[in-house]
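S.K.: I would like the atomic coordinates for the input below:
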Amino acid sequence: MTRKREAAAVVLISIGLLILLEPFVGFFTIVALVLLLIGVLGLRRGRMRQGYICLASGIGLLLLDHIMLLFGIVLISLGWFYIRANKAHHGHKHRTQQNFVRTSQHNRDPWMLQSTSSWHVIGDIDYDLSLAIADESDTVLYFHGIIGDLDFTIPEEYGVEIEANVLFGQIGFNSDYRTGTQRRQGIWNRVEWQSPNYGTSVQRVKLVVFYVAGDLNIRLSA
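M.R.: Numbering: from 1, shown residues only. Next up, the predicted model:
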């Protein structure tokens, strides 16, 4: 589809939404839905910057007009986190963290790697496991949030298991450090993968990620 036709399609759909929804919802809600539509189309066509800006603007307007919707999303996310965290760790001991904003950068100096469950509304995570000092042979890292930017670098000697879900955004992942990163972008991006050496590795890590909107990058390194 050419850009002109794509723009015309968005305009037609927008007008249709205005006509259909105007008797039931307010002006700001309609504008928010239109921005969300443009954002989703942008992500599906690889225009990530435009897509994220429109999505963020649409979500912001929607939440301003429906503050209880935000409260409901947060409660549902937190409840789902508690259910999934116990399942991810199989009842084993782990650290649990809940923050509105979570920033964690472990990419320059040695750091202690421990099984962790972390929930937040907004997250900025950057972990380089080649610098990590593992506290145990099997580690589970579970990150659950609304909006996030996450980067993980994992050395090839680790046995790795990945369960990643991003509803809106993209996942970049290379199952072989010698190949380029493969990207899944748009709506409902999912990666399930286990390294061939998972059962025989001395050090194993399981990475579980769930975000409503986010940019997740997982790199396996030599």
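S.K.: Quick check: Ile53 is in a helix.
M.R.: Yes - assigned with DSSP: H, G, I helix; E, B strand; the rest coil, Ile53 falls within a helix.
S.K.: How many residues are close by the closest residue to it other than its chain neighbours?
M.R.: Leaving aside its sequence neighbours, Ile53 sits nearest to Gly39 (C-beta to C-beta, 6 or more residues apart in numbering; 7.5 Å). For the C-beta atoms, the positions are set from N, CA and C on the backbone; glycine is no exception. Neighbourhood size, Gly39 [other C-beta atoms under 10 Å]: 23.
S.K.: mind listing what's buried in the longest helix seen in the chain?
M.R.: Secondary structure of the chain per DSSP state H: the longest helix is helix 67-89. Within helix 67-89, the residues scored as buried using 16 or more other C-beta atoms under 10 Å are Leu70, Ser77, Phe81, Arg84, Ala85, Ala88, His89.
S.K.: pretty sure Gln50 contacts Gly42?
M.R.: Yes - contact status for Gln50 versus Gly42: in contact at 4.4 Å, counting by C-beta atoms under 8 Å.
S.K.: more crowded one of the two?
M.R.: Set Gln50 next to Gly42 and count neighbours by other C-beta under 10 Å: Gly42 wins out with 20 against 15.
S.K.: quick check, Ser175 in a strand?
M.R.: No - per three-state DSSP, Ser175 lies outside any strand segment and is coil.
S.K.: Surely it and Trp193 touch.
M.R.: Yes - the pair Ser175 and Trp193 passes the contact test of C-beta under 8 Å, sitting 6.1 Å apart.
S.K.: returning to that earlier point: in what element of secondary structure is the residue nearest to Ile53 found?
M.R.: Assigned by DSSP states H and E, Gly39 belongs to helix 27-44.
S.K.: before we move on, back to that, next helix or strand past the longest helix of the chain?
M.R.: Next along from helix 67-89, by DSSP H and E: strand 95-106.
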